[in-house]
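J.: when you get a sec, could you give me coordinates for this:
(2 chains)
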Amino acid sequence: MEMMSGAAMVVRALKDSGVKHVFGYPGGAVLDIYDALYAQDSVEHVLVRHEQAAAHMADGYARSTGQTGTVLVTSGPGATNTITGIATAYMDSIPMVVLSGQVPSKHIGEDAFQETDMVGCSRPIVKHSFLVKRAVDIPMAIAKAYYIANTGRPGPVVVDLPKDIVNIQEEHPYEYPDEIKMRSYNPTLKGHSKQIKKAVRTLLEAKRPVLYVGGGSIASDASEVITELAEKLKSPVTSTLMGLGAFSSVHEQFVGMLGMHGTLEANKTMHNADCILALGARFDDRVTNNVEKFCPHATIIHVDIDPASISKTVAVHIPVVGSVKNVVEQLLNVIEDSDLAEQNEKVSDWWEQINQWRSRKCLEYKKDPEQIKPQEVIESLYKHTQGDAYISSDVGQHQMFAALYYPFAKPRRWINSGGLGTMGFGLPAAMGVQMANPDAVSAVVTGDGSIQMNIQELSTCLQYNLPVKIISLNNRALGMVRQWQDMIYKGRHSHSYMDSMPDFVKLAEAYGHVGIKVNHPSELDDAMARCFAEKDRLVFMDIAIDQNEHVYPMQIKFGAMDDMRLSKTERT
Amino acid sequence: MRRIISVLMENEPGALSRIVGVFSQRAYNVDSLCVAATDDPSLSRLTIVSHGNDKVIEQITKQVNKLIDVLKVSDLTEGTHIERELMLIKVATKTELTRSEVKRTVDIFRAQIVDVNAKNYTIQITGTSDKLDAFSATMAEHTEIIESSRTGVCGLARGEKALRAQ
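T.: Residues are numbered from 1 along each chain as shown, chains lettered A, B, ... in the order given. Predicted structure coming up:
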């Protein structure tokens, strides 16, 4: 058996787990591991400027590829700085492994320098965690961490490594497991055949069906089979914020995103449906609005890999536990082509109704000759990237504009913090995307509030030549907060504006990048073209937009799914 | 409604805190919690008494089951079951009258006096939580309760049903 130090084991176990990139920041407790990293070239380390960004980079890396993202940080503040990033990944079920240094075993519990109970701190926001106590256990803990992170419902796993067990002086036998078996962890991957038959019967009987697609559809790489199912059933398809791209947004059966800022046709379709097939979606409060009034006519079929997601907020009629991809394949196997003729005929009236809702054109907006509208920025971005870029987003109005006005034709192209709603996520996520996809276009849609939450990473971008395109919608305000204050607090803009905004162009230039300021609608198109012509440079586009624009449609609080405001003056 | 939930889990450090964490972070109630290693020392068995409506209890069992260290979860109150709790209770016995009254009550409840002192008796009693409550109440009528300690409920399903790793 090969002998090596604990630190060397960590690096070797990463390699054996298939890890190519690690995002991290060194410090006292992990110096031995960093020394082991220095001596090899199979795992590439990316030095960030703040550990939170390391977690978001690993997250963007994972979302765009499906591979587990990896973070390496020191104990204490290094570890706690990753907490927001871990919580972000946890809420969106993103596979991630966070290796954190820990003070030497004999000092644990003594309030030693840079000591934090990382396993305790992270417990509510991880899928699982390990505190490794012996060097010989390192390979198994790391192998298990990757296995747990990216099987079943994916999620972040923390591996806490006390300094004494990774020290480079002592050598121990290294043994990486051939396969992982855990008697306490066996996710159900295939749907129960009885439930599958029940689901198919319900789908074939439905006159007003809808497919409600969520992040689980992307996690299980189910796009192809979902498209096949939707086309067979001629059913409308809607998507959550997390599911965008799982079913092509340019497909004629796509009725748009649903929920709080969903389209009128998506929410109307849901509310009036007689059968909802939920695929890896979790009936989140930003989707359902008032659960008491949620979709009163529908028989709900819920496909989810996590049994705990089923009937958590909305009672479900036909639960199917399994991965979306497997279950949809099972559904397709049971559906007979001979049944479809009658079924397809039944849904034709449904489409007439849906097309009537569509004709309201709820996403139409009025351009202003003097001020740039946020919607036209996203449309211009779509045009100049041929709809084929990886679009990361921060959190706020710009996020909703991007989700609504950039149609995603493919999965894993829309990278955003849906569950936790983490401002500061966008730039590092887009960097992680760029690391994983060096030849692709990686852009981030952000705002003047969000971008300043992790702006230090402009420095990391320079160090690793990451030509991320930053599309910053600058409204000199925290737009979504301001919108709510306009709507609910009589326009009292309590602390939602920013005084003393930096000159973002100069700031970008100070970090060695290209900055472009856009003030007038007439400049937008050319500026966007210039931005994407700079293939090898990071470009920061600081775009002054109309401060008073609101995101519509918007559900009305306590109402049903389809109780919506369509503009500042119109309601459904 | 009161429920008794049995959990079989890996006997690993931190496993208990994960279970307790699920209850606190999701705002579920814990009325009592009883935990120890099983005949197989690699496993721990927990018995949690909680209350809530069917929807809440369903979520509790699912969320606990979701923990990586948990092998099996079962709601004992769904079927017939045996439940027991143990209490140690120290009561004042200053006069001959209280001594004999306490002794008589102990016999009636089939409890045992396990420690005797000049001024107090320590009594051990097992049974359902209701029985222990009744015993405490009766003792309080006769004398002063100095202190008491209860284990919380543990239980097993009746008949063939069993919570085992295999």
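
J.: interface residues of chain B facing chain A?
T.: Residues of chain B lying close to chain A (Cβ under 8 Å from any Cβ of the partner chain) are B:9-10, B:13-14, B:17-18, B:21, B:25, B:55, B:58-59, B:62-63, B:65-66, B:68-71, B:165. C-betas here are computed from N, CA, C, even on glycine.

J.: generate a ChimeraX selection restricted to the buried entries among the residues you listed.
T.: To isolate the buried members of those in ChimeraX, using 16 or more other Cβ atoms under 10 Å in any protein chain shown:
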select /B:9,10,14,18,58,59,62,63,65,66,68,69,70,71
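
J.: residue 31: neighbour count?
T.: All of this is about chain A. If you count neighbours by other Cβ atoms under 10 Å in any protein chain shown, A:Leu31 ends up with 17.

J.: the chain in question should be chain B.
T.: That count, for B:Asp31 with other Cβ under 10 Å as the rule, works out to 14.

J.: tell me where the stretch 101-250 of chain A has helices.
T.: For the stretch 101-250 of chain A, applying DSSP state H, counting those that start in this stretch gives helices covering A:118-122, A:138-149, A:193-205, A:215-219, A:223-233.

J.: hmm, I typed the wrong one, I wanted chain B.
T.: Along chain B, counting by DSSP state H, helices occupy B:15-25, B:54-66, B:96-108, B:129-142.

J.: and the second one, what other elements does it pack with?
T.: Secondary-structure packing of helix B:54-66 (3 or more Cβ pairs under 8 Å, 6 or more residues apart in numbering or on different chains; DSSP states H and E): strand B:2-10, helix B:15-25, strand B:70-75.

J.: wouldn't B:Arg84 be in contact with B:Leu156 here?
T.: No: B:Arg84 is beyond contact range of B:Leu156, at 9.1 Å (criterion: Cβ atoms under 8 Å).

J.: still on that earlier bit, out of the helices and strands packed on helix B:54-66, which is closest to A:Ala149?
T.: Closest approach to A:Ala149 among the helices and strands packed on helix B:54-66 is made by helix B:15-25 (16.5 Å; Cβ to Cβ).

J.: elements contacting that closest one?
T.: strand B:2-10, strand B:43-51, helix B:54-66.

J.: give me whichever of the helices of the stretch 101-250 of chain A is most buried.
T.: helix A:215-219 (a mean of 28; mean count of other Cβ atoms under 10 Å in any protein chain shown).

J.: so is that one next to chain B?
T.: No: applying Cβ under 8 Å from any Cβ, one finds helix A:215-219 separated from chain B by no less than 14.9 Å.

J.: distance from that helix to the middle of the chain?
T.: 10 Å (Cα atoms, centre = their mean, to the nearest Å).

J.: now swap in stretch A:415-426 and tell me
T.: Using Cα atoms, centre = their mean, the offset of stretch A:415-426 from its chain centre is 7 Å.

J.: quote the end-to-end distance of it.
T.: 8 Å (Cα to Cα, to the nearest Å).

J.: for it, the averaged confidence score.
T.: Mean pLDDT, computed over stretch A:415-426, is 98.

J.: ok, and what's touching that stretch?
T.: A:52-53, A:56, A:59-60, A:63-64, A:84-85, A:87-88, A:90-92, A:215, A:240-242, A:284, A:390-396, A:399, A:402-403, A:429-430, A:433, A:444-446, A:449-451, A:453-454 (Cβ atoms under 8 Å, 6 or more residues apart in numbering or on different chains).

J.: do you know the pLDDT at A:Ala402?
T.: pLDDT at A:Ala402 comes out at 98.

J.: report the contact partners of the residue located most distally from the centre of chain B.
T.: Most distant residue from the mean C-alpha position of chain B: B:Glu96, 33.0 Å away (Cα atoms, centre = their mean). Shown in contact with B:Glu96 (Cβ under 8 Å, 6+ apart): no residues.

J.: tell me the spacing between it and B:Ile108.
T.: According to Cβ to Cβ, to the nearest Å, B:Glu96 stands 19 Å off from B:Ile108.

J.: ok, A:Gly155 touching A:Val97?
T.: No: at 10.4 Å, A:Gly155 and A:Val97 do not qualify as touching, with contact defined as Cβ under 8 Å.

J.: mind checking which of the contacts of stretch A:415-426 are buried?
T.: Buried residues within the contacts of stretch A:415-426, counting neighbours by 16+ other Cβ under 10 Å: A:52-53, A:56, A:59-60, A:63-64, A:84-85, A:87-88, A:90-92, A:215, A:240-242, A:284, A:390-396, A:399, A:402-403, A:429-430, A:433, A:444-446, A:449-451, A:453-454.

J.: go through the residues you listed and flag which are in helices.
T.: With DSSP H as the criterion, helices contain A:52-53, A:56, A:59-60, A:63-64, A:84-85, A:87-88, A:90-91, A:215, A:399, A:402-403, A:429-430, A:433 from among these.

J.: does the residue in the stretch 201-350 of chain A positioned nearest to chain B belong to a helix, a strand or coil?
T.: Nearest to chain B, among the residues of the stretch 201-350 of chain A, is A:Ala308, at 3.9 Å (Cβ to the nearest Cβ). When classified by DSSP: H, G, I helix; E, B strand; the rest coil, A:Ala308 comes out as helix.

J.: burial of it, as a residue count?
T.: 19.

J.: ok so, going back, neighbour count for A:Gly155 and A:Val97, which is higher?
T.: A:Val97 (25 against 22).

J.: any idea how far A:Asn150 is from B:Thr80?
T.: 42 Å.

J.: neighbour-wise, which of these two wins?
T.: More crowded of B:Thr80 and A:Asn150, by other Cβ under 10 Å: A:Asn150, with 23 against 10.

J.: skipping adjacent residues, who's closest to A:Arg482 in space?
T.: Setting aside the residues directly before and after it, A:Arg482 is nearest to A:Ser496 in space (Cβ to Cβ, 6 or more residues apart in numbering or on different chains), at 4.5 Å.

J.: show the model's pLDDT score for the one you found.
T.: 94.

J.: so it makes contact with A:Asp486?
T.: No: contact criterion Cβ under 8 Å: A:Ser496 and A:Asp486 do not qualify, at 9.6 Å.

J.: what does the stretch 101-250 of chain A have sitting close to chain B?
T.: So far as Cβ under 8 Å from any Cβ goes, the stretch 101-250 of chain A lies against chain B at A:119-120, A:123-124, A:127-129, A:131, A:148, A:182-185.

J.: A:Asn344: neighbour count?
T.: 13.

J.: name the nearest residue to it, ignoring sequence neighbours.
T.: Nearest non-adjacent residue to A:Asn344 (Cβ to Cβ, 6+ apart): A:Lys234, at 5.0 Å.

J.: my guess is that neighbour meets A:Gln253, correct?
T.: Yes: using Cβ under 8 Å, A:Lys234 is in contact with A:Gln253, at 7.3 Å.

J.: joint contacts of these two?
T.: Counting by Cβ under 8 Å, 6+ apart, nothing touches both A:Lys234 and A:Gln253.

J.: mind listing what's buried in stretch B:108-123?
T.: Neighbour-count burial for stretch B:108-123 [16+ other Cβ under 10 Å]: B:109, B:111, B:120-123.

J.: among those residues, which ones are in strands?
T.: B:120-123 (DSSP state E).

J.: now the strands for the stretch 351-500 of chain A?
T.: A:390-393, A:414-415, A:442-447, A:469-474 (DSSP state E, counting those that start in this stretch).

J.: burial measure for A:Gln102, as a count.
T.: Quick note: A:Gln102 (other Cβ under 10 Å) scores 30 neighbours.

J.: got a list of what it touches?
T.: Counted by Cβ under 8 Å, 6+ apart, A:Gln102 has contacts A:29, A:75, A:108, A:115, A:118, A:131, A:160-163.

J.: can you tell me the closest non-neighbouring residue to it?
T.: A:Pro162 (4.3 Å).

J.: looking at it, the one you found is touching A:Ser105, isn't it?
T.: Yes: with contact defined as Cβ under 8 Å, A:Pro162 reaches A:Ser105; the gap is 4.6 Å.
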